[in-house]
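please work out how this folds:
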Amino acid sequence: DCTKLETLNLPTSLESFGLTVDGTYTRYGVLENTLVTELVLHGKNLTIGESICPQYLRKLVIGKDVKSITTAIWNETGEWITDIYSPLQGSSIYKIDYEEGSALESVLGLYYKSPVQTVDNLPESLKNIGEYTFAYCDNLVKVVIPEGVISLGDYCFRNDAKLREVVFPTTLVELGRNCFENCTSLPDNFPLPPSLKSVGSGVFSGCKFKTMTVPEEWTEIPAYLFSGSAISSVVIPETVKAVGESAFRNCSALTSVELKNITEIGRSAFENCSNLKSVSLSGVERIEPETFMNCTSLTGVNMVDVRSIGVDAFYGCSSLTTLSLPNTIEKIYSCIGGTGIREFYLNGAETLYADLSGLELERLVISKNIRHLDGSIAYTGIAGEPGVSEETGDGADLTVEFESGSQLETFGTFFDSSWIKELTLPATITTIGHGTFTQSTIENLYMRATVPPVLTGILRPSSFWQGKFRIYVPTSSVSAYKTAEMWSEFADIIYPFEF
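Numbers count the residues shown, from 1 in each chain. Presented below is the predicted three-dimensional model:
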């Protein structure tokens, strides 16, 4: 309230401005109700409090002696945090000037929520532009980053809805996380400097550009990079080896993606991409859980080298009616529930773990390539399908078949299902795992093997206790089965069958 104060000369020894001696915000602005029209800030490492600009201030200058500036925010608990508050917030100043010969190397939050439209006069001495420096600038259209700057901090341009152009230096190596989040006016193919070596998560989340070419210098697509954006087409170079978690999550405009030489795809990378129609994977060894979850338009997936598919990887892909698995698959976890797949060819490596719980199938065919099969099949039925009750799920049985020429030796899959009424195991079977049919209501088990397979545990489906379980074996092997270890307890329900 120094109503006649017109000039203020600050010493070079200044360390903070706009804060009380105990480091808290002054509440009313250090120059409020003064006539000061021009202010030159001094101090080697300067901390600025919230809103230092009085109503008559028309020019703010950063002195050439200032090496770093960080700003402060007053929070609800009465504590201050040395970041994300601009001295220009709420002012009518549209530009910050810098004295000639500026030594400024680092800024943090300096332009936060300011009315600036263009920033093209940052000093050449600048090295680091910290978090929130240009965030929430509603009128910001263009920023020129000078040569020498090596990093842009977290949330640097967050929610700058009018930002259309950023001129990057050739020295820039780092973009902080969510750097351009919700910058909805950035143009298609927004140019990025080839000098970048580190890109944080969510850099372009919520942006509205439709196309982007990833620089060839990148080796990965960071997590959440385009999450929730309007991107419909992206060119990914063969130099990229990994796609991060949720990198394209909720990108409803994305229609196709080709991933060459990718070896890793993160969890939920393409979740909720509702218009994604086709995916080509080459080199990918592991598909993480929920990777393509709820991609409701997905009709084709081309997999070549995949070894593992995670839980719910394709859950809710209602337009997906077929899924071809390569013979490299070693593990598959409950990944096709909620799809349009009704007949499934289970292919994979010689030793395969397959958790197929939550199936909505009518027919399952197990590849002849598989020698050792373990896992779980818990069939839930197809709610809403003809002949299936919405309340109880009662309906048609699931048919499980082994491909002609099957080489299956070890069978340890748990048929915890009331939908499989009969099953024929191939003649090559030598071992049946413990609890294979526990809780199952299977009624007819057909054994083609002439030599009784080894039972590693109890073979008693729930239908056994209901008196509905029957075992059929080759006519010439009835005696062998009835006297074999553990099979003998089923002697009364073992019957001859001509295969």
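
in the stretch 201-350 of the chain, which spans are strands?
211-213, 220-221, 233-235, 242-243, 256-260, 264-265, 278-282, 286-287, 300-303, 308-309, 331-333, 343-346 (DSSP state E, counting those that start in this stretch).

buried residues, the fifth one. List them.
Buried residues in strand 256-260, counted by 16 or more other Cβ atoms under 10 Å: 257, 259. Heads up, the C-betas are built off the backbone N, CA and C, glycines and all.

out of the strands of the stretch 201-350 of the chain, which comes closest to Glu174?
strand 220-221 (14.4 Å; Cβ to Cβ).

measure the residue nearest the centre of the chain to Ala161 for me?
The centre of the chain sits closest to Ser246, judged by Cα atoms, centre = their mean, with a distance of 1.7 Å. Distance, Ser246 to Ala161, using Cβ to Cβ, to the nearest Å: 23 Å.

can you map out the helices along this protein?
462-465, 478-483 (DSSP state H).

just flag whichever of those helices has the lowest average confidence.
Among these, helix 462-465 carries the lowest mean pLDDT, a mean of 86.

what residues sit buried inside that helix?
Applying 16+ other Cβ under 10 Å to helix 462-465 flags 462-464 as buried.

just the closest of the residues you listed to Thr213, please.
Ser462 (58.1 Å).

which residues touch the closest one?
438-441 (Cβ atoms under 8 Å, 6 or more residues apart in numbering).

just checking, the residue nearest to the centre of the chain touches Cys273?
No - here Ser246 does not reach Cys273: they are 10.9 Å apart, not a contact under Cβ atoms under 8 Å.

nearest to Ala378, of the helices of the chain?
Ala378 sits nearest to helix 462-465 of all the helices of the chain, at 13.4 Å, using Cβ to Cβ.

from the chain's centre, how far out does the closest one sit?
Remark: helix 462-465 is offset 44 Å from the chain centroid, using Cα atoms, centre = their mean, to the nearest Å.

only C-alpha atoms, please: export that helix in CSV.
Extracted C-alpha coordinates of helix 462-465, given in CSV (Å, rounded to 0.1, in the frame of the first residue of the first chain):
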residue,chain,number,x,y,z
SER,A,462,-17.9,-83.8,-10.1
SER,A,463,-20.0,-86.0,-12.5
PHE,A,464,-18.2,-89.1,-10.9
TRP,A,465,-20.0,-88.4,-7.7
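
and the gap between Thr255 and Asn139?
From Thr255 to Asn139 the distance is 34 Å (Cβ to Cβ).

just Val36 next, same as before
24 Å.

who has more neighbours out of these two?
Set Val36 next to Asn139 and count neighbours by other Cβ atoms under 10 Å: Val36 wins out with 17 against 14.

next one: the more buried one from Ile96, what distance?
16 Å.

can you give me the end-to-end span of stretch 446-463?
Stretch 446-463 has an end-to-end distance of 15 Å (Cα to Cα, to the nearest Å).

what's the spacing between it and its chain's center?
Relative to its chain's centre, stretch 446-463 lies at 43 Å (Cα atoms, centre = their mean).

and that stretch, what's buried?
Result for stretch 446-463 [16+ other Cβ under 10 Å]: buried residues 446-449, 452-453, 455, 459-463.

surely Leu41 meets Asp65?
No - if you go by Cβ under 8 Å, Leu41 and Asp65 don't touch, sitting 9.5 Å apart.

shaky segments in the stretch 251-400 of the chain?
379-396 (pLDDT under 70).

need the buried residues of stretch 446-463 in a markdown table (columns: distance to Leu126).
What follows is these, written out as a markdown table (distance: Cβ to Cβ, whole Å):
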| residue | distance to Leu126 |
| --- | --- |
| Tyr446 | 78 |
| Met447 | 78 |
| Arg448 | 77 |
| Ala449 | 77 |
| Pro452 | 80 |
| Pro453 | 74 |
| Leu455 | 74 |
| Leu459 | 74 |
| Arg460 | 75 |
| Pro461 | 73 |
| Ser462 | 73 |
| Ser463 | 76 |
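
please flag which of the residues you listed sit within strands.
Among these, the residues falling in strands (DSSP state E) are 446-447, 455.

quick check, nearest of those to Thr339?
For these, the nearest to Thr339 is Tyr446 (29.5 Å; Cβ to Cβ).

need the contact list for the closest residue to the closest one other than its chain neighbours.
The shortest distance from Tyr446 to any residue other than its chain neighbours is 4.0 Å, reached at Thr424 (Cβ to Cβ, 6 or more residues apart in numbering). By Cβ under 8 Å, 6+ apart, the contact list for Thr424 reads 401-402, 446, 448.
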